[in-house]
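Engineer: This is the structure alone, sequence omitted:
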Ligand SMILES: [Zn+2]
């Protein structure tokens, strides 16, 4: 038994006074510290309703690192299942799709996949109801993303720019650009 096992990976659980947003029962709070890819320490906090199984999870990273940009070329359908950790300050860009997700839409980090990010962009496009938006280009981008998720799309570049330096893409082909200035 090493020292790390003393305070990591052992969830703490207790009942809170917070009502479940779905059914009104008291929520349970579950907290634990663990390590995800590349030995990054994170804290995972979950509110959980034992009655209706409502669940809300936040992932918080513990330290900051040097700013960096991660780039992954998505070549095929397997690549969109790549798991990634997006820090709260990371901005995602897909130049080929003219798509961008600014930080600030999430207040804590999230573990997701490239496909999860694409689905998020699709949801945003469907909500897009701006007179300035060109409906033809919205339809074109929506179709391209659907094609990618269906496995018939063209390859594209997935770029994650992170001033906190904590984001990760779980792929051997990821290119890491350090910001040296
Ligand atoms: Zn509930």
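Structural biologist: Yep, that arrived. If you're wondering where the values come from, they're calculated on a predicted model, not measured in any experiment. Numbering: from 1, shown residues only.
Engineer: how is this protein carved up into domains?
Structural biologist: Annotated domains of the chain cover 4-61, 68-178 [automatic domain parsing].
Engineer: If you average pLDDT over each of the ones you listed, which is lowest?
Structural biologist: Here the domains of the chain differ in mean pLDDT, and the lowest is domain 4-61 at a mean of 78.
Engineer: Which residue is the nearest non-sequential neighbour of residue 168?
Structural biologist: Counting by Cβ to Cβ, 6 or more residues apart in numbering, residue 85 is the residue found nearest to residue 168 once chain neighbours are left out, at 4.5 Å. C-beta here means a position set from N, CA and C on the backbone, and glycine is covered the same way.
Engineer: Test my guess that the one you found contacts residue 162.
Structural biologist: No. At 9.8 Å, residue 85 does not count as touching residue 162 under the criterion of Cβ atoms under 8 Å.
Engineer: tell me which strands and helices the longest strand belonging to the chain is in contact with?
Structural biologist: Counting residues, the longest strand found in the chain (DSSP state E) is strand 26-36. Identification of packing neighbours for strand 26-36 by 3 or more Cβ pairs under 8 Å, 6 or more residues apart in numbering; DSSP states H and E yields strand 12-19, strand 40-48.
Engineer: out of these, deepest packed?
Structural biologist: Ranked by mean neighbour count, these are led by strand 40-48 with a mean of 16 (mean count of other Cβ atoms under 10 Å).
Engineer: So what's the gap between that strand and the chain middle?
Structural biologist: Relative to the chain's own centre, strand 40-48 is displaced by 14 Å; criterion: Cα atoms, centre = their mean, to the nearest Å.
Engineer: need the helices for this protein, in chain order.
Structural biologist: Secondary structure of the chain by DSSP state H: the helices cover 4-7, 114-127, 135-150.
Engineer: Residue 76: which of the ones you listed is closest?
Structural biologist: Using Cβ to Cβ as the measure, helix 135-150 is the one of the helices of the chain that comes nearest residue 76, at 10.0 Å.
Engineer: check contacts around the closest residue to residue 169 other than its chain neighbours.
Structural biologist: Distance criterion Cβ to Cβ, 6+ apart; nearest residue to residue 169, sequence neighbours excluded, is residue 84 at 4.6 Å. Residue 84 sits next to 111, 112, 113, 114, 117, 160, 167, 168, 169, 170 when contact means Cβ atoms under 8 Å, 6 or more residues apart in numbering.
Engineer: same check, this time on residue 101
Structural biologist: So residue 101 contacts 91, 92, 93, 117, 120, 121, 124 (Cβ under 8 Å, 6+ apart).
Engineer: ok, back up a step: and the helices and strands packed on strand 26-36 as TSV, adding distance to the ion?
Structural biologist: TSV is the format used below for the helices and strands packed on strand 26-36 (distance: least, Cβ to the ion, whole Å):
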stretch	distance to the ion
strand 12-19	8
strand 40-48	9
